[in-house]
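1. Make a model of this:
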Amino acid sequence: MWRCTDPQVGAGALAGERHSEPDDRTPVHRVIDCPDPGELAGFYEKLLSLSRQEDTGDFVVLQNAEGAPVVAFQRVDDFRAPRWTDSARPQQMHIDVMVADLDTAEPQVLALGATLLDGSDKPIGYRVYEDPVGHPFCLITPEGA
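-> Below is the predicted model of the structure:
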């Protein structure tokens, strides 16, 4: 089961379940800079079970099952990806995705285009990955939350 620990996002598609509690007071909860909004939005659509609400090519908004906007991606031509454990290029933000079993979830997230980050060392309760353009995110289990 995939579930982002942020209640505004909801669950991921890989387990087929959704857990979301939309907050309509804020139209878009996060905006993530990236070189190709459509490509990165596609990764998070699959990871978090979201769908496209808006796509202008330079700006993509993903929504949850209730239609509330959750996260947006905007094109930045001179995008510089964060580097894991490098304070000169810090992570800027990250998403924790709740899973029932890390060993089951890992091959699924790698198949979507994520990369397990060096130094994550597969600790009990969580693992750190980067999305296709370098933003770190974690798969966590209840013990790691």
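2. any weak-confidence spans in the chain?
-> The model of the chain has pLDDT under 70 over residues 1-29, 91-92, 144-145.
3. can you pull out the helices in it?
-> For the chain, the helices defined by DSSP state H occupy 37-48, 102-112.
4. Mind listing what's buried along the last one?
-> Of the residues in helix 102-112, those buried by neighbour count under the rule 16 or more other Cβ atoms under 10 Å are 102, 105-106, 108-109, 112. Quick note: C-beta positions are derived from backbone N, CA and C, even for glycine.
5. how about the residues you listed in TSV, adding distance to L47?
-> TSV is the format used below for those (distance: Cβ to Cβ, whole Å):
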residue	distance to L47
L102	15
A105	10
E106	13
Q108	9
V109	7
L112	6
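6. so what's A72 bridging to?
-> V31, V61 (DSSP bridges).
7. quick one: contacts for it?
-> Residues near A72 by Cβ atoms under 8 Å, 6 or more residues apart in numbering: 28, 30-32, 54, 59-62.
8. So which residues of this protein form strands?
-> Along the chain, counting by DSSP state E, strands occupy 2-4, 30-34, 51-55, 59-63, 69-75, 95-99, 115-116, 126-130, 136-140.
9. picking up where we left off before, between the buried residues of helix 102-112, which sits nearest Q74?
-> Nearest to Q74 out of the buried residues of helix 102-112 is L112 (Cβ to Cβ; 21.0 Å).
10. Might you report the residue contacts of that closest one?
-> Taking Cβ under 8 Å, 6+ apart, one finds 43, 46-47 in contact with L112.
11. Which of the residues you listed has the largest number of neighbours?
-> Neighbour counts for those, by other Cβ atoms under 10 Å, peak at L47, which reaches 25 neighbours.
12. Counting neighbours, what do you get for the nearest residue to G67 once chain neighbours are set aside?
-> Of all residues not flanking G67 in the chain, Q53 sits nearest, at 7.3 Å (Cβ to Cβ, 6 or more residues apart in numbering). Other residues lying near Q53 total 16 when counted by other Cβ under 10 Å.
13. same question, D131
-> 22.
14. can you check the one 5 residues further on too?
-> Applying other Cβ under 10 Å, we find 23 residues neighbouring P136.
15. Identify the bridge partners of it.
-> Beta-bridge partners, per DSSP bridges, of P136: E130.
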